[in-house]
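Colleague: Let me see the structure of the following:
(chains A and B)
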Amino acid sequence: MKKIFAIAWKDAIVRFASSSELLFFIILPLVFTFLLAGGTPKADGGDTRIRLVVVDQAETTISKNIIAELERSTAVRPEILSLEEAESQFDSRRASVVLILPAGLDLQAIQDRTAQVDFRQQPNNLNATVAERAVQTAIRQVSSAVNAANLAVNDAEKQKPFASEADRQSYFDASLKLAQSIQADAPERVTVIEGSTSFEVDYDPRANASAGQLVTWVFIPLFGISALFAYERQQGTLRRILTTPTSKATYLLGTIAGQVVMALIQMSLLILFSIFAMKLNWGRDLAALFIILTTAALAAGAIGTAMGTFIKTEGQASGLSIMLGMVMALLGGCWYPLELFPPVMQTIVKILPTTWAMQGLLDLVLRNGGLIQILPEAGVLLGFAAIFFLVGMLRFRYE
Amino acid sequence: MIKTFLIGIKDVRLAFRDRAALLLMLAAPFVLTVGLGLVTGRFGGNTGSGISDIPVIIVNLDQEQLGNALADVFNSAELADLLEPAIGSDPEAARQLIDEDKAAAVVIIPEGFTQSIIPQQSDLTAGNTITTDAVKIEVYANPARSTGAGIVKAIVDEFLSRVEEGRISKTTSILQLLMSQKITPQQAIAAGEAANAGVQDNAPDSLAIKINSSTAGGEAVKFDALAYIAPGMALMFLMYTVSYGGRSILAERAQGTLPRLLVSPTSPSQILGGKVFGIFLTGAAQMLILIGASSLLFQLKWGDSIGVILLVLAAVFGATGWGMIITALARTPGQVASIGTAIMLIFGIMGGSFINLEQMPPFVQTFSKITPNAWALDGFTTLALGGTLTDLSAPILALLAMGSILFLVSVALFGKKNLVQK
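Modeller: Alright, predicted model coming up:
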């Protein structure tokens, strides 16, 4: 036991010999958690409506009403930009459609039939087809009463010309009032009912970022156990252990235990940050939390141990740890919700320990689960730990 | 000049012989690109090019003028690429298909829909502007396909707005004529019947506000999601390469080869120039290899080739500036490695390599301007969207300015003493 503690303590000293280790131990994980909590898609997938860039040069009641109608559209999402910015985005094809509401777009212009808007679209673009219909709908909503009054005046003129311009205007005003009244009384003619399609994306950007970054930043250094072996092998210190009455199991246990304890401290700090800074409820079932964190750390530590028996140099081990850690985190749903992956990928990624660690943590922080809910994930992670530790044990050589 | 060149070439060869470096220079960005391609479904046929063929089921129980007209809208040639309509007869069965995620939405046009809109004779003569109780069209939407369902609803809205405008126009006109005694009640009934016969066509031919529609020149371009992912990852690991190169300067100082070089007839500026040249060449080679590999293996179109090459060179120049400044500020190769990796990751997330910058908070978008990743990614996106060299002036100039400023600052920080001392 004393030997195990001594090996673990030695590894801690080696790891934190440089203060820059703190960057990876706590600073970067916090930065990433913070940024991803605010930057990943929202629970409902965000506003998925087609982006419609709108330039409001008119700034009249009519132009504002058109924009308000577009806001109500289920198909497009208006985004107000200056003409310069809109043209720049359109020219660089960042905007597929641009609607320009020019100066002078007001009630008088509609009555005089001189009102017009510019609609620019990229070639052969389906988004533009949808957006043009949405613009037509918005314009109709805003101008149909004026249009109706104009037509009423036309129809009246066909019956009998007006005696004066004042009569004509009076007829227009009365028609407009009537048309507005008819429009206001118009009943809703469509209803939307949301289907009960199974689409449960259990997702909260804060919870997913906290759990995901925790897994990412703990798995990478635990895979880095391989670099520790390579370093000691290159330095010759592993050979020296041969001369001491220390078994392979004791040495490996000491190394893994030390790294796992450091990982648990790191995870505890990250969890404390997310409890206090992000108001996440990690403390619902502390026993379950401890079990899932420990099994995840053991699995990652065992993989690092097994990797260490294959890799020769510290540089290779370090690079491979970063690469594997990032890829496994990505595929394990630590950066993007697993539910958004293609169905086949959701099945394939179950071979990764990061997937199980992430799901176990989400069971606790997102799905209000407890010990019973995380047992399957903890069991699988223990399985990973056992298999890779065995591989490491069998293949481990001091030289 | 030759010495500078030789030192640079020597560093490139060393970098590409180092298996550990190759892991992060080439393997990591490539594997992560593949990973992102897999999770975004890019390799499953989804190119991220936008909406098309939205499956929608039309259940027309009305079977009258307006119901048929709406069904025709969904089957129109104009919407053929956008929609994939199917006809249903049983509303419950159609809803079931939505619940099973087989379509984006069902549009159920109930019996009596037309009758509920077309005003009755008695309504017109009585001056009643409200028709019988509204019979509502039901859009049964699939929450898992919210974009498609939203578009279907918008098409229904557009149709109804046309019908409604026609109804308002004709009703207003007839009632106003009647109230101003320009026509008799009998004439009003006749006009109403005529209007009813073509109610869906009653909307004015042109909108009250004319839409001047124009289409940009050039060919249609479908954006490939991988065209954002691949450069994002390549640029992130470019930061590793430049810090790796910077590390070699301090490593040579620590190993004593740098002071030895300085006692030879080689000036510090030639050595530093050669080192920078080596970093630049290594970064450019890394980017071009990754671009070539993704073009060959994933048929990824990066866009205008001259634009791509110049943007790569500008991006590597900007990133090299960062590599030099890290090296100038650090004291040991280990510090360069740690700080370099940290900056690689921070610039990666803040420069848009992981998540589209538009989804980031505004302060991150502002901060991203100091990263070569953000500028270069902006340029690569422009190229992938069909832009050419002329559209790249802003990112290229920004990257060149970034590299120049950082290089000047790092030269000021590097003194001969600093280079020679262990």
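Colleague: which residues of the chain score low on pLDDT?
Modeller: As the question left the chain open, I've gone with chain A. Applying pLDDT under 70 to chain A flags the ranges A:38-46, A:199-202, A:398-399.
Colleague: Let me rephrase: I mean chain B.
Modeller: Scanning chain B for pLDDT under 70 picks out B:43-51, B:119-133, B:194-206, B:217-223, B:415-422.
Colleague: where along chain A do the strands fall?
Modeller: Applying DSSP state E to chain A gives strands spanning A:50-56, A:76-80, A:97-101, A:116-121, A:190-194.
Colleague: between those strands, which gets nearest to A:Arg206?
Modeller: Proximity to A:Arg206, assessed across these by Cβ to Cβ, is greatest for strand A:76-80 (24.0 Å). Placement of C-beta: from N, CA and C, glycine included.
Colleague: hey, where'd the helices end up in the stretch 151-300 of chain A?
Modeller: Under the criterion DSSP state H, counting those that start in this stretch, the stretch 151-300 of chain A contains helices at A:165-185, A:205-223, A:225-235, A:237-242, A:248-276, A:286-308.
Colleague: looking at those, which is buried most?
Modeller: Of all the helices of the stretch 151-300 of chain A, helix A:205-223 has the most neighbours on average by mean count of other Cβ atoms under 10 Å in any protein chain shown, namely a mean of 25.
Colleague: Output the set of residues of the stretch 251-399 of chain A in proximity to chain B.
Modeller: Counting by Cβ under 8 Å from any Cβ of the partner chain, the residues of the stretch 251-399 of chain A lying close to chain B are A:313, A:315-316, A:318-320, A:322-323, A:326-327, A:330-331, A:335-336, A:340-342, A:344-345.
Colleague: Let's see that with 10 Å instead.
Modeller: Within the stretch 251-399 of chain A, the positions adjacent to chain B are A:311-324, A:326-331, A:333, A:335-338, A:340-346, A:348-349 by Cβ under 10 Å from any Cβ of the partner chain.
Colleague: could you flag which of those residues are buried?
Modeller: Using 16 or more other Cβ atoms under 10 Å in any protein chain shown as the burial test, those include A:311, A:313-324, A:326-331, A:333, A:335-338, A:340-342, A:345, A:349 as buried.
Colleague: gap between A:Asp106 and B:Leu207?
Modeller: Distance, A:Asp106 to B:Leu207, using Cβ to Cβ, to the nearest Å: 16 Å.
Colleague: neighbour count winner among the two?
Modeller: The neighbour comparison of A:Asp106 against B:Leu207 (other Cβ atoms under 10 Å in any protein chain shown) goes to B:Leu207, with 22 against 15.
Colleague: where's the more buried one, which helix or strand?
Modeller: Following DSSP states H and E, one finds B:Leu207 outside all helices and strands.
Colleague: which one is it nearest to, not counting chain neighbours?
Modeller: A:Ile139 (5.2 Å; Cβ to Cβ, 6 or more residues apart in numbering or on different chains).
Colleague: now A:Ser63
Modeller: Spatial nearest neighbour of A:Ser63, chain neighbours left out: A:Leu101 (4.3 Å); criterion: Cβ to Cβ, 6+ apart.
Colleague: Who does the one you found form a beta bridge with?
Modeller: Beta-bridge partners for A:Leu101, by DSSP bridges, are A:Asp56.
Colleague: Does it touch A:Ile66 like I think?
Modeller: Yes - between A:Leu101 and A:Ile66 there is a contact under Cβ atoms under 10 Å: 6.4 Å.
Colleague: what residues are shared contacts of the two?
Modeller: With contacts taken as Cβ atoms under 10 Å, 6 or more residues apart in numbering or on different chains, the residues that reach both A:Leu101 and A:Ile66 are A:54, A:56, A:58, A:60, A:117, B:209.
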